[in-house]
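Asker: Quick one, structure for this:
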Amino acid sequence: MKYFTQTNNKGKYERPPDLYEYFVDNFWFKAADLENQQINEPLRGSQNADVVILGGGYTGLSAAFHIRQKFPDKKIVLLEGACCGYGASGRNGGFCISTDLIRELDSDDPEERQDHLDVSLYGIQFIKRMISEYGVECDFEENGMLGVALKENHIQELKEYQEKLESFNLKSDFLGKEELKSEVISPMFLAGLNIPHGAILNPAKLAREMKRVVEGLGVELFERSVVTRITPGKVNLIDTELGEVRAPVMVLALNAYAGKLGFFKNHYLPVSVFQIATEPLSDVQWESIGWQNRQGLYDMRNMFSYLVLTAERRIVIGGSGAAYYNDALCAGNDKSMTRKVLKDLFAFFPSLEGLKIEHAWGGTTTYTLDRTPSVGVIGDHNNIFYGVGLSEGVPTTQTFGRIIADLMAGESNQFTNHYVVNHRLPYAGPVPLRGLFGRGAKWMWEKFDA
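Answerer: Reported below is the predicted structural model:
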């Protein structure tokens, strides 16, 4: 399958892609003190490397770490258009879902199931390794996840998900309406599933700390280096606004930004999602909602909301819908979407009515028609490694970095043989039809969820 379309016209440069905005009112950036952090100088002039990685989010940073572990003598250069963690890696909801890659298996072979589970759990274990071995500070709290039902049919969905977890020997607790009140208090929540597998964190802090780790391992990292053109070949040529890199091996860790450079353009939808962060809750407000165990919280609608409590006891809530702007990237915010998020917050917790909202932001993620990401290798010379299609993937992106390194090393193991490896991404259709499809699907989901 061809996943690359040349973006320049007869060898001439086009203007640089629109990869970043001037300001994003992102609470995670503020809490990570991003405005006062050192942002690396851009790439200038011409360089040669053994491996060039495009993208300074989790996939790129994890790939840099794992490639360095397997190839200690290779020169690895990482290019980031803005700053590490600037995209979805630093703008998401703060969820760390450890079971994202679990799916139903035809086989009952316990070894195969364990291999499958090991791959899914690797991402969160890797984050914990970053914390314990490298002193990464990211407000990590392994409090688990709490799914809640807003309608009767959601209750059955929770029970079915519990059965799926049990098939992998993962325990969870189903909570009826009264039992659920011991975890969280809301007039809208009918039942819940308490899942001990998962965590919450500050995603921007994690990305910035991972930058520190990989630089300490000798990876050359250039920020503020917008890629203007890629010329694949036996030796790939990557042009930036101020320089260029030639490398026989390239890693595409761009996710929603990949289409702007001609890769996977017709195989995913860049979808914009939005979050808000409240002022810190008082003791009385926190007790009124009973969310004392601080799990990551989400509901079971198609257009679901997700919530976390930050280290300073703010609520970060996102979801409540998403927007598709005909393949354009998120501009940073959308007041109409923010209003939907705010409506859900006070519907869930009416006792918090009047709580001040101090930050509101948006960002771009990806949606594939089969809702499955893909990681693997492409190109006429099998020298372009990639990870794309990630929409709920703080741990999954970490795993993708491991898979990319294993594939590069030619290894055959439970990671390189996982179902997401070289997963064929379905064609997303022409852009005008994508917009119609997206609006139609959203209308149906919202009608179904009502």
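
Asker: Low-confidence stretches in the stretch 51-200 of the chain?
Answerer: 105-107 (pLDDT under 70).

Asker: got the residue ranges for the strands in the stretch 301-450 of the chain?
Answerer: Listed in chain order, the strands of the stretch 301-450 of the chain (DSSP state E, counting those that start in this stretch) span 305-309, 315-319, 357-367, 374-378, 384-388.

Asker: now do the stretch 1-150 of the chain
Answerer: Using DSSP E, counting those that start in this stretch, strands in the stretch 1-150 of the chain cover 45-48, 51-54, 76-79, 95-96, 145-149.

Asker: by contact count, what packs against the second one?
Answerer: What that stands for is strand 51-54. Contacts defined by 3 or more CB pairs under 8 Å, 6 or more residues apart in numbering; DSSP states H and E place strand 51-54 against helix 58-70, strand 76-79, strand 236-240, strand 243-247, strand 249-252. (Glycine included, C-beta is placed from N, CA and C.)

Asker: if we go to 6 Å?
Answerer: helix 58-70, strand 76-79, strand 243-247, strand 249-252 (3 or more CB pairs under 6 Å, 6 or more residues apart in numbering; DSSP states H and E).

Asker: cool, and the longest one?
Answerer: Contact here means 3+ CB pairs under 6 Å, 6+ apart; on that basis strand 145-149 packs against helix 152-166, strand 191-195, strand 296-299.

Asker: want to try TSV for the ones you listed, with distance to residue 332 as columns?
Answerer: Below are those laid out as TSV (distance: least, CB to CB, whole Å):
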stretch	distance to residue 332
helix 152-166	32
strand 191-195	32
strand 296-299	24
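
Asker: will you turn these into CSV that also has mean neighbour count and distance to residue 264?
Answerer: Converted to CSV, the helices and strands packed on strand 145-149 look like this (neighbours: other CB atoms under 10 Å; distance: least, CB to CB, whole Å):
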stretch, mean neighbour count, distance to residue 264
helix 152-166, 15, 29
strand 191-195, 24, 31
strand 296-299, 24, 27
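
Asker: Which of the ones you listed sits closest to residue 30?
Answerer: strand 296-299 (20.5 Å; CB to CB).

Asker: That closest one pairs with which strands?
Answerer: Here strand 296-299 has these sheet partners by DSSP bridges: strand 145-149 (parallel), strand 305-309 (antiparallel).

Asker: Switch the ones you listed over to TSV; also include mean neighbour count and distance to residue 397.
Answerer: TSV is the format used below for those (neighbours: other CB under 10 Å; distance: least, CB to CB, whole Å):
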stretch	mean neighbour count	distance to residue 397
strand 145-149	25	18
strand 305-309	25	17
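
Asker: Please name whichever of the strands of the stretch 301-450 of the chain is nearest to residue 62.
Answerer: Nearest to residue 62 among the strands of the stretch 301-450 of the chain is strand 384-388 (8.9 Å), distances taken as CB to CB.

Asker: What residues does residue 308 make contact with?
Answerer: Listed by CB atoms under 6 Å, 6 or more residues apart in numbering, the contact set of residue 308 reads 94, 200, 296, 316.

Asker: Quick check: it vs residue 321, distance?
Answerer: Computed as CB to CB, to the nearest Å, the residue 308 to residue 321 distance reads 18 Å.

Asker: same thing with residue 333?
Answerer: For residue 333, the distance to residue 321 equals 14 Å [CB to CB].

Asker: sorry, back to before: among the helices and strands packed on strand 145-149, which is nearest residue 68?
Answerer: Nearest of the helices and strands packed on strand 145-149 (CB to CB): strand 296-299, 30.6 Å.

Asker: Give me the residues contacting the closest one.
Answerer: Contacts of strand 296-299 (CB under 6 Å, 6+ apart): 95, 145-148, 150, 198, 200, 304-308.

Asker: at 8 Å what do you get?
Answerer: Applying CB atoms under 8 Å, 6 or more residues apart in numbering, the external contacts of strand 296-299 come out as 94-97, 143-150, 154, 184, 189, 198-200, 291, 304-308, 319.

Asker: Tell me, how many residues neighbour the residue nearest to residue 380 when sequence neighbours are not counted?
Answerer: Spatial nearest neighbour of residue 380, excluding adjacent residues (CB to CB, 6 or more residues apart in numbering): residue 232 at 7.2 Å. For residue 232, the count of nearby residues is 19 (other CB atoms under 10 Å).

Asker: quick revisit: tabulate the strands of the stretch 1-150 of the chain in JSON lines, adding columns for distance to residue 238.
Answerer: JSON lines is the format used below for these (distance: least, CB to CB, whole Å):
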{"stretch": "strand 45-48", "distance to residue 238": "10"}
{"stretch": "strand 51-54", "distance to residue 238": "6"}
{"stretch": "strand 76-79", "distance to residue 238": "7"}
{"stretch": "strand 95-96", "distance to residue 238": "31"}
{"stretch": "strand 145-149", "distance to residue 238": "39"}
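
Asker: give the contact list for the residue lying closest to residue 206 once chain neighbours are set aside.
Answerer: Nearest non-adjacent residue to residue 206, counting by CB to CB, 6+ apart: residue 138, 4.0 Å away. Going by CB under 8 Å, 6+ apart, residue 138 touches 127, 131, 201, 202, 203, 205, 206, 209.

Asker: Just flag the most distant two among those residues.
Answerer: With CB to CB as the measure, no two of those lie farther apart than 131 and 203, at 14.1 Å.

Asker: For the residue nearest to residue 206, what are phi and psi?
Answerer: Note on residue 138: backbone dihedrals following degrees, to the nearest 10 are phi -150, psi 20.

Asker: Against residue 365, how distant is it?
Answerer: From residue 138 to residue 365 the distance is 20 Å (CB to CB).

Asker: same thing with residue 322?
Answerer: Taken as CB to CB, the span from residue 322 to residue 365 is 8 Å.

Asker: Tell me where the stretch 301-450 of the chain has helices.
Answerer: For the stretch 301-450 of the chain, helices defined by DSSP state H, counting those that start in this stretch occupy the ranges 335-348, 394-408, 431-449.

Asker: what sits up against the shortest one?
Answerer: Same thing as helix 335-348. So helix 335-348 is contacted by 186, 188-189, 272, 274-276, 278, 305, 307, 315, 317-323, 352-353, 355, 357, 360, 362 (CB under 8 Å, 6+ apart).

Asker: Just the buried ones out of these, please.
Answerer: Buried residues within these, counting neighbours by 16 or more other CB atoms under 10 Å: 186, 189, 272, 274-276, 278, 305, 307, 315, 317-323, 352, 355, 357, 360, 362.
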